[in-house]
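Asks: Would you be able to build a 3D model of this:
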Amino acid sequence: QLQLVESGGGLAQPGGSLKLSCEVSGFTPERQSIGWYRQAPGKEREGISCQSSSGGSTNYDDSVKGRFTFSRDSSKNTVYLQMNNLKPEDTARYYCAALEGGCPRRISLWRPYHWGQGTQVTVSS
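Replies: Presented below is the predicted three-dimensional model:
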């Protein structure tokens, strides 16, 4: 059964860091493109980072580029999102998703087909 479980969210101060994890089961992570999304209160869910199954393509939304880093550890069936220099506007519920196809540079072309339950990130002083 395909399953994605996020963890690592919490409260951080502006300028601080958090590392989110997404443990996957039911498929082999290195053969699956994965995306990270977030949804702030009153806003639509937005894609922020993805990586192709081969790891050859990693893309970021401009809002997180240079601050967030996507990585994966196949031995643990887990992908990560390292978030540095957090800002209050990063406050949202963060989700990982299995993507059909690859990880196109254009976020509107990402095709998520299975989601985790999300983990809450709050950035506040």
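
Asks: Which parts of the protein are strands?
Replies: 3-7, 10-12, 18-25, 33-39, 46-51, 58-60, 68-73, 78-83, 92-99, 112-115, 119-123 (DSSP state E).

Asks: So which of those strands is nearest residue 105?
Replies: Ranking the strands of the chain by their distance to residue 105 (criterion: C-beta to C-beta) puts strand 58-60 first, at 5.2 Å. C-betas here are computed from N, CA, C, even on glycine.

Asks: Quick check: neighbours of that closest one in the sheet, parallel or antiparallel?
Replies: Take DSSP bridges as the rule and strand 58-60 pairs in its sheet with strand 46-51 (antiparallel).

Asks: buried set for the strand it pairs with?
Replies: Residues of strand 46-51 classed as buried by neighbour count (16 or more other C-beta atoms under 10 Å): 47, 48, 49, 50, 51.

Asks: need the strands of the chain in JSON lines with distance to residue 105 and mean pLDDT, can you?
Replies: Converted to JSON lines, those look like this (distance: least, C-beta to C-beta, whole Å; pLDDT from 0 to 100):
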{"stretch": "strand 3-7", "distance to residue 105": "23", "mean pLDDT": "97"}
{"stretch": "strand 10-12", "distance to residue 105": "28", "mean pLDDT": "98"}
{"stretch": "strand 18-25", "distance to residue 105": "21", "mean pLDDT": "96"}
{"stretch": "strand 33-39", "distance to residue 105": "13", "mean pLDDT": "97"}
{"stretch": "strand 46-51", "distance to residue 105": "10", "mean pLDDT": "97"}
{"stretch": "strand 58-60", "distance to residue 105": "5", "mean pLDDT": "96"}
{"stretch": "strand 68-73", "distance to residue 105": "14", "mean pLDDT": "95"}
{"stretch": "strand 78-83", "distance to residue 105": "18", "mean pLDDT": "96"}
{"stretch": "strand 92-99", "distance to residue 105": "13", "mean pLDDT": "97"}
{"stretch": "strand 112-115", "distance to residue 105": "16", "mean pLDDT": "96"}
{"stretch": "strand 119-123", "distance to residue 105": "24", "mean pLDDT": "98"}
